[in-house]
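Asker: here is the input, now give the coordinates:
(one chain, ligands or ions: 1)
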Amino acid sequence: MIPKNHPRYNSLILRDKIKNAYKEGYLSDSGMIAHGRGETFDYLLGEKTTETSKIAIEVSVAKLILAENPVISINGNTVALAIDEIIQLAKLIPAKIEINLFYRTEKRVDIIKNILHKKGYKDVLGTNEDNLLYINDIESPRATASANGIYSSDLVLVPLEDGDRTEILVDSGKEVIAIDLNPLSRTSKKASITIVDNITRAIPLMIETAEKFKEYVKERLEEIIKDFSNEDNLKESLKCIDLNRL
Ligand code: PTJ
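Answerer: Numbers count the residues shown, from 1 in each chain. You can find the predicted model right below:
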């Protein structure tokens, strides 16, 4: 039991969720390493959503609302840390949810599918029963996608993605929104929009933003997107890492 007044309470709660997900069999062992890397960058960013990330969030939400067939890709870490919020965001946009695992095993896919079913969300794509195709005919597990989901989507939200897959998605002509605490990662650089923030803060803020933006007309959303440059936004994110902060 972690005492509420512990100075690192939030961080320890997230570690607990990651550990439990591993014990339940749906988080990959590498998922724990990925979490540790994320923690490091979060520390350096001051464990808060920066003004720079808020801009990326606004642009992302505007894009999601305007997209024809937006899909939210989920993996072990995403489910462990933010599945309730992901479901809420998917319903609000509306967007589809697709299981997409870097270290795909049938067992992990089934556990994740059942978690979503128990939460009342039955339309999850990318399951073992789904019609999975290969993007651009690349016969690699990194390139699998559901026919009705990522395969035919124009915009994919990928929290905590790996570089290879982001590259495959972008090369196949899709727009990709990444959520990645590391502004230097291959994913961050390859994505169309990168939200440099913790998924546990980014998704709730995306929900809040979507509630507001749903009322906007198309032209107003297009105005929000217009001048965004991912490269410039990433450079600004790097500036938010203040190594002299004591
Ligand atoms: O469940 P699977 O099989 O799909 O595997 C998922 C992982 C995350 C293990 C897999 O995609 C992977 O190996 O990813 P990488 O290449 O380690 O990249 C993960 C990125 O997510 C890193 O750049 C981390 O800094 C970042 N990250 C970690 N935790 C968070 C995060 N970004 C946002 N929020 C976090 N909580």
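Asker: give the contact list for the residue of the chain found nearest the ligand.
Answerer: The minimum distance from the chain to the ligand, using CB to the nearest ligand atom, falls at Gly38 (2.3 Å). The way it works is simple: take the backbone N, C-alpha and C, and place the C-beta from them, glycine included. Going by CB atoms under 8 Å, 6 or more residues apart in numbering, Gly38 touches Leu160, Leu181, Asn182, Asn198.
Asker: so which of these are also by the ligand?
Answerer: Among these, proximity to the ligand is found for Leu160, Leu181, Asn182, Asn198 (CB under 6 Å from any ligand atom).
Asker: what's the neighbour count on the first one?
Answerer: Okay, so that is Leu160. 25 (other CB atoms under 10 Å).
Asker: name the element the closest residue to it other than its chain neighbours belongs to?
Answerer: Spatially, and ignoring its direct neighbours in sequence, Leu160 is nearest to Asn77 (4.9 Å; CB to CB, 6 or more residues apart in numbering). Element membership for Asn77, per DSSP states H and E: helix 76-92.
Asker: what about that helix, distance to the chain center?
Answerer: In terms of CA atoms, centre = their mean, to the nearest Å, the centre of helix 76-92 is found 9 Å from the chain centre.
Asker: go ahead and name everything in contact with that helix.
Answerer: Counting by CB under 8 Å, 6+ apart, 14, 17-18, 20-21, 26-28, 31, 34-35, 72, 74, 95-97, 101, 108, 112, 115-116, 119, 121, 159-160, 199-200, 203-204, 206-207, 210-211, 214 sit against helix 76-92.
Asker: what comes into contact with stretch 207-216?
Answerer: So stretch 207-216 is in contact with 57-58, 61-62, 64-65, 85, 88-89, 92-93, 221, 224, going by CB under 8 Å, 6+ apart.
Asker: alpha carbons of that stretch, as PDB, please.
Answerer: Taking C-alpha atoms only, stretch 207-216 is exported to PDB below (Å, rounded to 0.1, in the frame of the first residue of the first chain):
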ATOM      1  CA  ILE A 207     -10.900  14.400 -23.800                       C
ATOM      2  CA  GLU A 208     -11.300  17.900 -22.300                       C
ATOM      3  CA  THR A 209     -10.200  19.500 -25.600                       C
ATOM      4  CA  ALA A 210     -12.400  17.200 -27.700                       C
ATOM      5  CA  GLU A 211     -15.500  18.200 -25.700                       C
ATOM      6  CA  LYS A 212     -14.800  21.800 -26.500                       C
ATOM      7  CA  PHE A 213     -13.700  21.300 -30.200                       C
ATOM      8  CA  LYS A 214     -16.800  19.100 -31.000                       C
ATOM      9  CA  GLU A 215     -18.700  22.400 -31.100                       C
ATOM     10  CA  TYR A 216     -16.400  24.100 -33.600                       C
END
